[in-house]
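Participant: Give me coordinates for this.
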Amino acid sequence: MKRPAVERRHFLQLSGVTALGSLTGCTGFLSGSESKKPKQVSLSDFRGSGPLVESRPELSGTTIKDLPDLSGTLTLYLGGGEGGLYLKLIELLESHYPDFEVDHRIESSSDLAQRIAEESDGGSSPADVFLAVDAGSLGFVADKGATVKLPNEATKAVPKEFHGQNDTWVGVAGRARSVPYNTKKYSASELPDDIFAFARDERFKNTLGWAPTYEAFQAFVTAMRLIDGPKKTKQWLRGVKNQGVSRYRDEWFVSNAVADGEVDVGFANHYYVLRAKASRKNASVDLAFTKNDAGALVNVAGAEILQGTEKKQLAIDFVRHLLSVEAQEFFATRTYAYPMIPGVPPVGGLPGIDELAPPSIDLRKLSDLEPTLGLMREVGVL
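Facilitator: Numbers count the residues shown, from 1 in each chain. This next block holds a predicted model:
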């Protein structure tokens, strides 16, 4: 069956790339190939800048020079993409490989997951790869039987908890739930490592901040509902509400409110605090983490290859590039995400992803939001 066409929207090519740095060595050109030779790109082209990125240690893992060249046109469905930052990564890969380009469609991860399911019901999706910012959307597509199994070479460097069932998807960047706190009020050791304590401890009366309409917060509450049940989740929501919690539009605003001293403690994904610290010199905010509960949830952005692709090997090689040292350093230093490979540490003095204590949960189930929204409405949070 001929695959349907997708709108062609190419990325702009970058110019002025520099010679490959000391970590990656010299790029090996294809001798005797009629294809254009890869342009040389350095690790510094992928790495971000700013106070949190200073003094990065030596990195290890598979580098771009260790991987097969990317050549051809890949059709990508991109869910979200961190405000365009993921596009920048693709541009860098296109710059390195003159024979490689990406046609893309950008919408929300959930909308694209639904689109893929509908397209697959009609035969197959025109996309080769789905890159989504949440595991729930990846799992939804995989559960529809619309993906192919990823080979071990594309997944082996990533911890097993960040693989889809039967390796139908793999995580490429992580985000951890955290407790931002004002450093003028608390130290990390003074905060509970139990998320439920914040709903009952009198110290937090009229000092908390949250963003209940924000998708990341709703995914966290969904995790709580799945782990602890609806009754205990309602008790937590009601308890925090009764503490006199301040309400914000999103978790960037929560993190800045903590830094400003408007509230002492908040609930947010970890990278919002890192962005606040990077943009504000001597910001009075830092991160604490709970343990083995929904407050310690680690969700991931990830990639999967779609059934019906005629570019399977190119798609596999593209996914492997997303897990290269260079791409993982991009995720760590530009989006402040948790890298998925052990040889690239997170920024900002964070504990490694293997040092966190996330709950045991099937991340694909986080897409089941409706019961969560019902609970939140029942308590009067929405």
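Participant: element containing residue 176?
Facilitator: Element membership of residue 176, judged by DSSP states H and E, is strand 170-182.
Participant: So which elements touch the following helix or strand past that strand?
Facilitator: Counting by DSSP H and E, the next helix or strand C-terminal to strand 170-182 is strand 208-210. Under the contact definition 3 or more Cβ pairs under 8 Å, 6 or more residues apart in numbering; DSSP states H and E, strand 208-210 sits against strand 246-247, helix 251-260, strand 265-266. C-beta here means a position set from N, CA and C on the backbone, and glycine is covered the same way.
Participant: Run through who's touching strand 208-210.
Facilitator: 198, 217, 240, 243-248, 254, 257-258, 262-267 (Cβ atoms under 8 Å, 6 or more residues apart in numbering).
Participant: now it: mean pLDDT?
Facilitator: Averaging pLDDT along strand 208-210 gives 98.
Participant: go on, stretch 50-66?
Facilitator: For stretch 50-66, the mean confidence score works out to 92.
Participant: now do the same end-to-end measure for that stretch.
Facilitator: 29 Å (Cα to Cα, to the nearest Å).
Participant: Give me the three-state assignment for residue 310.
Facilitator: Assigned by DSSP: H, G, I helix; E, B strand; the rest coil, the conformation of residue 310 is coil.
Participant: Report the residue ranges of every domain in the chain.
Facilitator: 43-174+300-351, 175-297+357-379 (automatic domain parsing).
Participant: With distance to residue 37 and mean neighbour count as extra columns, can I get the ones you listed in a markdown table?
Facilitator: Listed next are the domains of the chain as a markdown table, based on distance: least, Cβ to Cβ, whole Å; neighbours: other Cβ atoms under 10 Å:
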| stretch | distance to residue 37 | mean neighbour count |
| --- | --- | --- |
| domain 43-174+300-351 | 8 | 20 |
| domain 175-297+357-379 | 36 | 19 |
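Participant: and residue 36, which of the ones you listed is closest to it?
Facilitator: Ranking the domains of the chain by proximity to residue 36 (Cβ to Cβ) places domain 43-174+300-351 first, at 4.0 Å.
Participant: Endpoints of that closest one, how far apart?
Facilitator: 23 Å.
Participant: now it, how far from the chain's geometric center?
Facilitator: In this view, domain 43-174+300-351 has its centroid 9 Å away from the chain centroid, taken as Cα atoms, centre = their mean, to the nearest Å.
Participant: how about the spatially most central residue of the chain, secondary structure?
Facilitator: Centroid-nearest residue in the chain, with Cα atoms, centre = their mean: residue 301, separated by 3.5 Å. Put simply, residue 301 is strand when judged by three-state DSSP.
Participant: residue contacts, it?
Facilitator: Neighbours of residue 301 in contact, by Cβ under 8 Å, 6+ apart: 80, 131, 132, 133, 134, 171, 172, 173, 174, 175, 337.
Participant: Same list, those, but as JSON lines with distance to residue 286 and pLDDT please.
Facilitator: Output for these, formatted as JSON lines (distance: Cβ to Cβ, whole Å; pLDDT from 0 to 100):
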{"residue": "80", "distance to residue 286": "26", "pLDDT": "80"}
{"residue": "131", "distance to residue 286": "31", "pLDDT": "96"}
{"residue": "132", "distance to residue 286": "30", "pLDDT": "93"}
{"residue": "133", "distance to residue 286": "25", "pLDDT": "90"}
{"residue": "134", "distance to residue 286": "26", "pLDDT": "87"}
{"residue": "171", "distance to residue 286": "25", "pLDDT": "96"}
{"residue": "172", "distance to residue 286": "26", "pLDDT": "97"}
{"residue": "173", "distance to residue 286": "22", "pLDDT": "96"}
{"residue": "174", "distance to residue 286": "19", "pLDDT": "95"}
{"residue": "175", "distance to residue 286": "17", "pLDDT": "93"}
{"residue": "337", "distance to residue 286": "18", "pLDDT": "95"}
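Participant: Out of these, which comes closest to residue 144?
Facilitator: residue 132 (13.7 Å).
Participant: Quick check: bridge partners of that closest one?
Facilitator: residue 79, residue 302 (DSSP bridges).
Participant: Quickly note the distance from it to residue 364.
Facilitator: 11 Å (Cβ to Cβ, to the nearest Å).
Participant: and for these two, which residues touch both?
Facilitator: Contacts common to residue 132 and residue 364, judged by Cβ under 8 Å, 6+ apart, are residue 138.
Participant: which ones are touching residue 164?
Facilitator: 135, 138, 139, 142, 147, 170, 302, 304, 364.
Participant: returning to that earlier point: can you tell which of the helices and strands packed on strand 208-210 is closest to residue 166?
Facilitator: helix 251-260 (32.6 Å).
Participant: quick one on the thing from earlier: output the contacts of residue 301 as JSON lines; include the columns distance to residue 74.
Facilitator: Converted to JSON lines, the contacts of residue 301 look like this (distance: Cβ to Cβ, whole Å):
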{"residue": "80", "distance to residue 74": "18"}
{"residue": "131", "distance to residue 74": "11"}
{"residue": "132", "distance to residue 74": "16"}
{"residue": "133", "distance to residue 74": "19"}
{"residue": "134", "distance to residue 74": "21"}
{"residue": "171", "distance to residue 74": "20"}
{"residue": "172", "distance to residue 74": "15"}
{"residue": "173", "distance to residue 74": "19"}
{"residue": "174", "distance to residue 74": "24"}
{"residue": "175", "distance to residue 74": "25"}
{"residue": "337", "distance to residue 74": "22"}
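Participant: Relative to residue 66, which of those is nearest.
Facilitator: Nearest member of the contacts of residue 301 to residue 66, counting by Cβ to Cβ, is residue 172, at 17.1 Å.
Participant: State the distance from that closest one to residue 331.
Facilitator: If you go by Cβ to Cβ, the gap between residue 172 and residue 331 works out to 7 Å.
Participant: swap in residue 341?
Facilitator: 10 Å.
Participant: Check residue 343 too.
Facilitator: To residue 331, residue 343 is 13 Å away according to Cβ to Cβ.
Participant: coming back round to it: just send the helices and strands packed on strand 208-210 back as CSV, with mean pLDDT and distance to residue 101 too.
Facilitator: Shown next, in CSV, are the helices and strands packed on strand 208-210 (pLDDT from 0 to 100; distance: least, Cβ to Cβ, whole Å):
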stretch, mean pLDDT, distance to residue 101
strand 246-247, 98, 44
helix 251-260, 96, 33
strand 265-266, 98, 42
